[in-house]
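# for reference, the sequence and a predicted model appear below.
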Amino acid sequence: MANYKLILPSVATFEGGLSSDPRDNCSDIKSDVIDPKNGLGYHTNKGVCYETWLSASKKLGFNSSGKSFVNMTKIQWESIIKELYWNTLNLDNVNSQAIAEILFQSRWGSGPGGARTLVRFMQKKLNIAQTGTMNALTITKLNDYTKNVSKEQSLFKDIWERRLQYLQSLKKLFPIYGRGWTRRMNDILKRGLSYIGANISENKKPIGIIGLTLVATGIYYAFSKN
């Protein structure tokens, strides 16, 4: 089964600390802790919007104050990732770590709407009803489909490419954040293919590892200049 802890180092790497950037989608709801550089309230910490922090404080028992937000602990941050993002997609029940991580990234980076878009795309590939939710049928079909590592690899790449295309379609934001988004996507790609490569190795299919390495290298360089 997929494990959310495996993606935590990557999320931490690509998320900064405190942000008061007014261009950010999180800037609508700000904390009362002011950034001395621009006089605006901080609205993002470690990738978590202050609005999300307010929701998390009710569900997980955190202090909702701005001071607590800017002093968010590692334990609190991980709890938010697990309870408000990973669990909302039922990813503990997904066998493929690679696919679980790209679905998580869509929820983390683009909210519920972004996740629904990618889940519908995946459901279309699985030839099931496009509900946009990770329901029991979707998880069963996905786990059955990815028992074949070649199919898992192909589906993962298709989902990954669809996610990248979505990010590139954000005409106002991609010119600002696109370079960082692309680096993150390339990291997800390389890590995802490494998981699948391990599955191939476990299934004693060493020939597939060579092809997998070539695929990973080709896709990485194809998008690394975006």
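It's in.

# unless I'm mixing things up, residue 89 is touching residue 103, no?
Yes. With contact defined as C-beta atoms under 8 Å, residue 89 reaches residue 103; the gap is 5.5 Å. No exception for glycine: its C-beta is placed from N, CA and C like everyone else's.

# any shared contact partners between these two?
Contact criterion C-beta atoms under 8 Å, 6 or more residues apart in numbering; residues shared by residue 89 and residue 103: 115, 119, 134.

# got a markdown table for these, with pLDDT too?
Formatted as a markdown table, those follow (pLDDT from 0 to 100):
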| residue | pLDDT |
| --- | --- |
| 115 | 97 |
| 119 | 98 |
| 134 | 98 |
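
# among those, name the ones in helices.
115, 119 (DSSP state H).

# relative to residue 174, which of the shared contacts of residue 89 and residue 103 is nearest.
residue 115 (18.9 Å; C-beta to C-beta).

# quick one: that closest one and residue 188, what's the gap?
Distance, residue 115 to residue 188, by C-beta to C-beta, to the nearest Å: 15 Å.

# can you check residue 61 too?
Distance of residue 61 to residue 188, given as C-beta to C-beta: 31 Å.

# quick one: which of these two has more around it?
residue 188 (22 against 9; other C-beta atoms under 10 Å).

# for the strand or helix carrying the more buried one, packing partners?
Take DSSP states H and E as the rule and residue 188 turns out to sit in helix 174-202. Counting contacts by 3 or more C-beta pairs under 8 Å, 6 or more residues apart in numbering; DSSP states H and E, helix 174-202 packs against helix 8-14, helix 97-125, helix 149-168, helix 206-223.

# want to throw those into a markdown table with mean neighbour count?
Converted to a markdown table, the helices and strands packed on helix 174-202 look like this (neighbours: other C-beta atoms under 10 Å):
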| stretch | mean neighbour count |
| --- | --- |
| helix 8-14 | 15 |
| helix 97-125 | 21 |
| helix 149-168 | 19 |
| helix 206-223 | 14 |
